[in-house]
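K.L.:
next input, structure requested:
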Amino acid sequence: MDSSELTQREVEEDFEQSVLSELRDVKQRLAELTDKVKLVKRSSTRSQMEQLKQTVAESNSVIKLLAAGFNTTRTMMLSEFRSILHAIPRGDEDAMQEQLIAADEALRGAQQAHTESLSQVEALQKELSDAKGALQHAEMDVSESNNRQNELQRVLQATEEEFMKAQKDVSRLKSELIRVKAESSSQVKALQKELFDTKGTLQQAQTDISEGKDIQNELQKALQATKEEVVKAKEEVERLKLGEAKSQSSHAHSEKGQSENQVSSSLLTPIITLFCQMKASNIQY
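P.N.:
Predicted coordinates:
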């Protein structure tokens, strides 16, 4: 085996190892990104949403680098193999063709691995999209929860204000009740005193009425007696008129006047006495 064949194999092996190494690195990075996405999907916090966005950007960058790397590597490999193929003598063309076919198969294997990597990346993108949707729903739930909490806080604040207002009203009503009780007690005492005074006045009035009735009865008796005395006096005057002689008319007339004055004076005396008693008792009839 000549030096050109050794060089060709070394190039092939180096290229294959570099491609496989790069592929392993890409798979490792994809695995790390997948773990990050799963972690973000489970936690669903705002700070991790930023991490999710960064992870998506990194995934997209890795996908682009992977595609560009494979395209560049395939182009370089084909160019290198063509240059090696042209450098080989015509007699060894069949052997080189076999080597080129083997290298092309290796390249196809690398492309297949690249396709599988792309499938993994697509799955990762779908998982990232699902994580975004879950995070958006979580944010909506958090927003609704905050709204409910704010509404509950407002209701609680209004309830506390109503409770404080009710306490103030109760305190005011208690003060008003105490004041009304004090005023009522004073009014009751005043009414009790007034009632006591009224009872005394009523008793005094009843006593005065009783005394007035007694005086009125005495006055009626005196008036009746006076009427009887007046009637008797008139009868006496008539009798005296008939018994006197015409000759003694002037003398008899004088005696008649004196007799009437005496009768009138004797009748007025008890009436004046009763009137003085009534005036002293402050009773009006």
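K.L.:
every contact and neighbour count from this point should use C-alpha atoms.
P.N.:
Fine.
K.L.:
show me how this protein divides into domains.
P.N.:
Annotated domains of the chain cover 3-160, 212-280 [automatic domain parsing].
K.L.:
and stretch 188-196, which residues are buried?
P.N.:
The neighbour-count check on stretch 188-196 (16 or more other C-alpha atoms under 10 Å) flags nothing as buried.
K.L.:
all further residue positions should be reported with the first residue as 12.
P.N.:
With the count now opening at 12, the last piece we talked about shows up as stretch 199-207.
K.L.:
got the CA positions of that stretch in PDB?
P.N.:
Output of stretch 199-207 as PDB, limited to C-alpha atoms (Å, rounded to 0.1, in the frame of the first residue of the first chain):
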ATOM      1  CA  VAL A 199     -90.500  60.600  85.400                       C
ATOM      2  CA  LYS A 200     -89.300  62.200  88.600                       C
ATOM      3  CA  ALA A 201     -90.800  65.600  87.600                       C
ATOM      4  CA  LEU A 202     -94.000  63.900  86.600                       C
ATOM      5  CA  GLN A 203     -94.100  62.000  89.900                       C
ATOM      6  CA  LYS A 204     -93.600  65.300  91.800                       C
ATOM      7  CA  GLU A 205     -96.200  67.000  89.700                       C
ATOM      8  CA  LEU A 206     -98.600  64.100  90.300                       C
ATOM      9  CA  PHE A 207     -97.900  64.300  94.100                       C
END
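K.L.:
what does the average pLDDT come to for stretch 213-233?
P.N.:
On average, the pLDDT along stretch 213-233 is 80.
K.L.:
now it: buried residues?
P.N.:
Buried, per 16+ other C-alpha under 10 Å, within stretch 213-233: Gly223, Ile226, Leu230, Ala233.
K.L.:
can you show me the CA trace of that stretch as PDB?
P.N.:
What follows is stretch 213-233, C-alpha atoms only, in PDB (Å, rounded to 0.1, in the frame of the first residue of the first chain):
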ATOM      1  CA  LEU A 213    -107.000  67.800  94.500                       C
ATOM      2  CA  GLN A 214    -107.300  66.800  98.100                       C
ATOM      3  CA  GLN A 215    -107.300  70.400  99.100                       C
ATOM      4  CA  ALA A 216    -109.900  71.200  96.400                       C
ATOM      5  CA  GLN A 217    -112.000  68.400  97.600                       C
ATOM      6  CA  THR A 218    -111.700  69.600 101.200                       C
ATOM      7  CA  ASP A 219    -112.600  73.200 100.000                       C
ATOM      8  CA  ILE A 220    -115.600  71.800  98.000                       C
ATOM      9  CA  SER A 221    -116.800  69.900 101.000                       C
ATOM     10  CA  GLU A 222    -116.500  73.000 103.200                       C
ATOM     11  CA  GLY A 223    -118.200  75.100 100.500                       C
ATOM     12  CA  LYS A 224    -121.100  72.600 100.300                       C
ATOM     13  CA  ASP A 225    -121.500  72.900 104.100                       C
ATOM     14  CA  ILE A 226    -121.500  76.700 103.800                       C
ATOM     15  CA  GLN A 227    -123.900  76.600 100.900                       C
ATOM     16  CA  ASN A 228    -126.300  74.400 102.900                       C
ATOM     17  CA  GLU A 229    -126.000  76.800 105.900                       C
ATOM     18  CA  LEU A 230    -126.700  79.700 103.500                       C
ATOM     19  CA  GLN A 231    -129.700  77.900 102.000                       C
ATOM     20  CA  LYS A 232    -131.000  77.400 105.500                       C
ATOM     21  CA  ALA A 233    -130.500  81.000 106.400                       C
END
